[in-house]
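[1] give me a 3D structure for the following:
(one chain, ligands or ions: 1)
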Amino acid sequence: MLKKNKLYYPGKELKNKAWVKNNSIYIKGGKNPIKFWGELAKEILWFKSPKKTFIHQPPYFKWFVGGKLNITQNALDRNLKERKNKVALIWEPEPLEEQSRILTYYDLYREVNRLANALKRLGVKKGDRVGIYLPMLPEVVISMLACARIGAIHIVVFSAFSSAALKIRLQDTKAEMLITADGYYRRGKIINLKQSVDKGIKGTKVKKVIVVKRAGNKISWKKNRDLWWKDIIEKEKDECKPEVMDSEDTLFILTESGTAGQYLQILHTTGGYTVQAYITGKWVFDFKDEDIFWCMADVGWATGHTYGVYSPLLNGVTFLIFEGAPDWPNPHRWAQIIEKYGVTTFYTAPTAIRMFEKYNGKISKKYKFESLQILGSVGEPINEATWHWYFQKVGKGRCPLVDTWWQTETGGILITSLPGVGPFKPAFTGLPFPGIKFDILDEKGNSLPVNKEGNLVILPPFAPGLLRGIYKSPKKYKKTYWSQYGNKIYFTSDVAYKDKNGLIRIVGRVDDVIKVAGHRISTGELENILSKHSNVIECAVMGVPHEIKGEVPIVFVVLKKKMSLEKVKKELIKKIREEIGPIVKPKEIYLVEDLPKTRSGKIMRRILKRLFTGEPLGDLSVLANPECIDEIRKRILSKA
Ligand code: WT7
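    This next block holds a predicted model:
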């Protein structure tokens, strides 16, 4: 029997070899966080050391002020000394019969420099924005690092995003260069990526498109604009001096969904991000030279940036990326990859774990996973049952399970248990990372006691890797993060509570952002998209629980003219595919006569959600049109 609320601790062997073995680090970090981070920053190579660790000009702040560095010097050059011919990157392709590609630190160094030189020759300068719309290929890693090498700002766009989603990201950041591929493999099919590019860059400032030849599919070609990767690097030298970057120079922009369907062009800078990406990986995954690290996230997401690329390189470990899907051509693929390469550290999302759990007996019995030492989870709350399954069946009860909380905005992990310290408590993410101050507040800003749910906030000095802005939109920056409790408290938009040991449990978002298979989607964004359909008068979208994906959207629509449910469904799903991509599909679409509204006309999404889940509806006296409830209930029950 599993004991409820049981705390788990690391085994002796792991504890003994861990970078962090006991609680004293929390005391040190808590006493003087600025000094604490200032000392950690000394583990990074700087061209010029920072003069001051932290400056606060609310709602803005700076870290490692006056410091000059280049992240690639830390990720590549530094490793040439002791790890020149050590494997840096393993790429596991789909189709499975194809050869994997293995790049040593020296290989990666040369490839990055060649592309960096080519980008320079093509006119890319420090501060220019370069879009990267690539699937999981070694070239995506090379592209990001090549940009960072010359001080260009990379904007990685998830390859499963549609051409419309690509367009928005390129337009908002005014990128003039795009790196992409002809196509790629997923679930046995070739996806024609170049086709999305041709459509997506219309109306943007993109002048050159660099194309990696991957799938060999037929593509259209525009002379003078499109360039093959192979051709542009052919004559380039494999040395390129790293650009001297100021600590606060922008490293990258990553677009995420904000509340009410807004896009947030999240801006990360060089110094703080480098320090945080380095030290969080070192302590949370306890990176050691012999490790094989597999972060399963696509590089299109923040997890893929920090732990799929930068953190392992900054720590000199071997890491793995893969093309395709973890359960294709069969549900064993993820397990086979772990066994094939002897993965020691496995980092994935609850949605993937729940999918693996579905095949439980068949896989977890077959594989011993003897190489595994540490397991990680990220992106959404992991429920107790799934936590136990992951811990027992994959980790065989032997591996610490670090549930890591962070956000695209925070740049790196900020809440978790450390593997050599613990405790690991199912469904709780753990303690604030050493040197980071969190609080849980009520609506008025009072600090809440143990076991009371409230808004999760970060207090000064925040975190070195926290976002520095929204690209060209100070208004969005202030409103989204620094208005709930004034301009000195960062509002996470999450609800959480802590237990008597201070371990934090994340309850969920307070805004309209939902996590669909770990992907961040705003229901407002979906409503905006669906409203563009010419026959939709109004619609309401909300997230409801789903056993594998965590959450999925359901949709209620009011139509102008009669149309069959089948036809509406088809067209609306097509619309979402066009605007976002295949990563999100409504679980149900209901055609209704009217939506429940307050007297001031606000749609009561909460009531719709409760109608769907069957929970008590609560107070209906706020409604101007309570008569619509019965009709909606009937629709839900009859699925018509
Ligand atoms: C939101 C941020 C870049 C990190 C991955 C997701 C939720 C994240 C956890 C966790 C419960 C979590 C929060 C957060 N979240 N990690 N371990 N337990 N919830 O980043 O896509 O920017 O989403 O994901 O709600 O606010 P993201």
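[2] which helix or strand contains whichever residue of the stretch 1-150 of the chain sits closest to the ligand?
    Nearest residue of the stretch 1-150 of the chain to the ligand (CB to the nearest ligand atom) works out as residue 144 at 15.9 Å. For the C-beta atoms, the positions are set from N, CA and C on the backbone; glycine is no exception. Per DSSP states H and E: residue 144 is located in helix 138-150.
[3] circling back to that earlier point, is the residue of the stretch 1-150 of the chain closest to the ligand in contact with residue 309, as I believe?
    Yes - if you go by CB atoms under 8 Å, residue 144 and residue 309 touch, sitting 5.9 Å apart.
[4] give the residues shared as contacts by those two.
    residue 299 (CB atoms under 8 Å, 6 or more residues apart in numbering).
[5] which SSE is immediately downstream of the longest helix seen in the chain?
    Longest helix in the chain, counting residues (DSSP state H): helix 105-121. Beyond helix 105-121 in the direction of the C-terminus, DSSP H and E gives the next helix or strand as strand 129-133.
[6] and the angle for that following strand with helix 105-121?
    Interaxial angle, strand 129-133 versus helix 105-121 (axes from the mean of the first three to the mean of the last three CA atoms, to 10 degrees): 130 degrees.
[7] returning to that earlier point: buried residues, the longest helix of the chain. List them.
    Of all the residues in helix 105-121, those buried under the rule 16 or more other CB atoms under 10 Å are 105-120.
[8] and what of stretch 362-374?
    363-364, 367, 369, 372-374.
[9] next one: stretch 431-446
    For stretch 431-446, using 16+ other CB under 10 Å, the buried residues are 431-436, 438-441.
[10] that one and the ligand in contact?
    No - if you take CB under 6 Å from any ligand atom as the test, stretch 431-446 misses the ligand, and the best it gets is 12.5 Å.
[11] please, where are all the helices along the stretch 1-150 of the chain?
    12-17, 24-31, 33-40, 71-75, 80-83, 105-121, 138-150 (DSSP state H, counting those that start in this stretch).
[12] and the stretch 401-550 of the chain, by the same measure?
    Using DSSP H, counting those that start in this stretch, helices in the stretch 401-550 of the chain cover 474-481, 523-531.
[13] buried deepest among the ones you listed, which one?
    Mean neighbour count, computed with mean count of other CB atoms under 10 Å, is highest for helix 523-531 among these, reaching a mean of 21.
[14] which parts of this structure belong to which domain?
    As assigned by automatic domain parsing, the chain contains the domains 2-496, 517-639.
[15] just put the ones you listed in TSV and tack on mean pLDDT.
    TSV is the format used below for these (pLDDT from 0 to 100):
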stretch	mean pLDDT
domain 2-496	96
domain 517-639	94
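[16] looking at those, which is buried most?
    domain 2-496 (a mean of 20).
[17] now that domain, how far from the centre of its chain.
    On the basis of CA atoms, centre = their mean, to the nearest Å, domain 2-496 sits 7 Å off its chain's mean C-alpha point.
[18] run through who's touching stretch 38-55.
    34-35, 37, 61-70, 73-74, 78, 244, 247, 271, 274-275, 278-279, 435, 461, 464.
[19] mind running it again at 6 Å?
    Contacting residues not belonging to stretch 38-55 are listed as 34, 62-69, 73-74, 78, 244, 274-275, 279, 461 [CB atoms under 6 Å, 6 or more residues apart in numbering].
[20] swap in stretch 347-361?
    For stretch 347-361, using CB under 6 Å, 6+ apart, the contacting residues are 295-296, 307, 326, 331, 376-380, 382, 386, 389-390, 517-518, 548-550.
[21] now residue 319: how far from residue 448?
    Residue 319 is 39 Å from residue 448, where distance means CB to CB, to the nearest Å.
[22] tell me the residues of the stretch 151-300 of the chain that contact the ligand?
    residue 256.
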